[in-house]
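output the structure for:
(2 chains)
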Amino acid sequence: MNTTKTDTVPVRTGEDTVRARQRVKAWMAELRFSLVEQTKMATAVSELARNAVVHGGGGSARLELMADGGRTGIRVTFEDQGPGTADIEKALKGGFSTGGGLGLGLSGARRLVNEFEIWSEPGKGTRVTITRWK
Amino acid sequence: MDRIPILQVGDFLLVSIQVDMHDRLAMTLQDDLADQVVSKRASGVLIDISSLEVVDSFIGRMLGNMASMARVLGAEAVVVGMQPAVAITIVELGLSLTNVRTALNVDKGMELLRALVNPAAEEGGREHDQD
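This next block holds a predicted model:
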């Protein structure tokens, strides 16, 4: 598996969240992902970027273009140095939220992508990686 | 652009969201809409989201809030023009938008609003079909 292109964008504000989802959608449009695939990934990016801003005190999103054999994918890794959580399972359950949202952020994002990985440690931060393959 | 414009068309308010909204802009719209439903004595609100390429849980919640708020203030609300890819995505995301009335486009939405606001007058001779 090779990474053929990378880009890192800040996610510190609501405007950054918009820029991050637009950037990902533009990359996927260029790769001719279907509109539904673009929309699902952009929506997942929006949820996770907001989580990083609201819960993580801001962080970054790293975009990667992946090539694996004959298939192409896009991977986005969100990282923050916020309070993190000890209870990832609870955070992943839809409906749970401490940020006043619908609590669909993490669980919803996971449903919209092909691969989802999360690491979080209290006091250290949270890292979420999502991938969508074509 | 710091505000989404709200247009008055007769007794209705028309909101066409033409920009990719960040959360604060969405909150401002929600507040502005509540103010205007009251100050313009609107009986209906039409929200056109045909330009929105992403509706995530926050924007979805905001659309639901605006519809509920309009209803509490005595107005009907209809959301129109959702892109098919957005519809597929929000269902998978887990957003139900159960409290939001929707219509295919602005024309259908206006028709629905008129019927909701004044059911007896809609389409002439149908008034006696009710009850």
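
how about the helix or strand of chain A with the lowest mean pLDDT and chain B, touching?
For chain A, scoring each helix and strand by mean pLDDT, DSSP states H and E identifies helix A:88-92 as the least confident one, at a mean of 82. No - on the criterion C-beta under 8 Å from any C-beta of the partner chain, helix A:88-92 is out of touch with chain B, staying 12.4 Å away. The C-beta positions use only the backbone N, C-alpha and C, and glycine is treated the same way.

and that helix, how far out from the chain's middle?
Using C-alpha atoms, centre = their mean, to the nearest Å, the distance from the centre of helix A:88-92 to the centre of the chain it belongs to is 16 Å.

write out the residues of chain A neighbouring chain B.
For chain A, the residues in contact with chain B under the definition C-beta under 8 Å from any C-beta are A:13-15, A:17-18, A:21-22, A:25, A:35-36, A:38-40, A:42-43, A:46-47, A:50, A:94, A:101-102, A:104-105, A:107-108, A:111-112.

quickly list what the residue found closest to residue A:119 once you drop the neighbours it is linked to in the chain is bridged to.
What sits nearest to residue A:119 in space, not counting adjacent residues and going by C-beta to C-beta, 6 or more residues apart in numbering or on different chains, is residue A:127, at 4.7 Å. Going by DSSP bridges, residue A:127 is paired in beta bridges with residue A:79, residue A:119.

distance between the ends of stretch B:70-84?
For stretch B:70-84, the first and last residues are 25 Å from each other (C-alpha to C-alpha, to the nearest Å).

which residue does chain B have closest to chain A?
Ranking the residues of chain B by distance to chain A (C-beta to the nearest C-beta) places residue B:22 first, at 3.6 Å.

mind listing what that residue touches?
For residue B:22, the contacting residues are A:13-15, A:17-18, taking C-beta atoms under 8 Å, 6 or more residues apart in numbering or on different chains as the criterion.

are we agreed that residue B:45 is in a strand?
Yes - applying DSSP: H, G, I helix; E, B strand; the rest coil, one finds residue B:45 inside a strand.

that one - how many residues pack around it?
When neighbours are defined as other C-beta atoms under 10 Å in any protein chain shown, residue B:45 has 26 of them.

swap in the one 10 residues further on?
Residue B:55 has 25 neighbours, counted by other C-beta under 10 Å.

same question, residue A:121
As a burial measure, the neighbour count of residue A:121 was computed by other C-beta under 10 Å and equals 13.

next, give phi and psi for it.
Summarising the backbone geometry of residue A:121 under the convention degrees, to the nearest 10, its torsions are phi -140, psi 130.

residue A:88 versus that one, what's the distance?
Spatial separation of residue A:121 from residue A:88 under the definition C-beta to C-beta, to the nearest Å is 10 Å.

cool, and residue B:22?
With the distance defined as C-beta to C-beta, residue B:22 ends up 27 Å from residue A:88.

quick one: contacts of stretch B:97-107?
By C-beta under 8 Å, 6+ apart, stretch B:97-107 touches B:46, B:48, B:50, B:60, B:63-64, B:67-68, B:76-82, B:90, B:109, B:111-112, B:116.

now do the buried residues in it.
For stretch B:97-107, burial by neighbour count (16 or more other C-beta atoms under 10 Å in any protein chain shown) applies to B:97, B:100-103, B:106.

average pLDDT for that stretch?
Summarised as a single mean, pLDDT over stretch B:97-107 is 93.

distance from the chain centre to that stretch, please.
7 Å.
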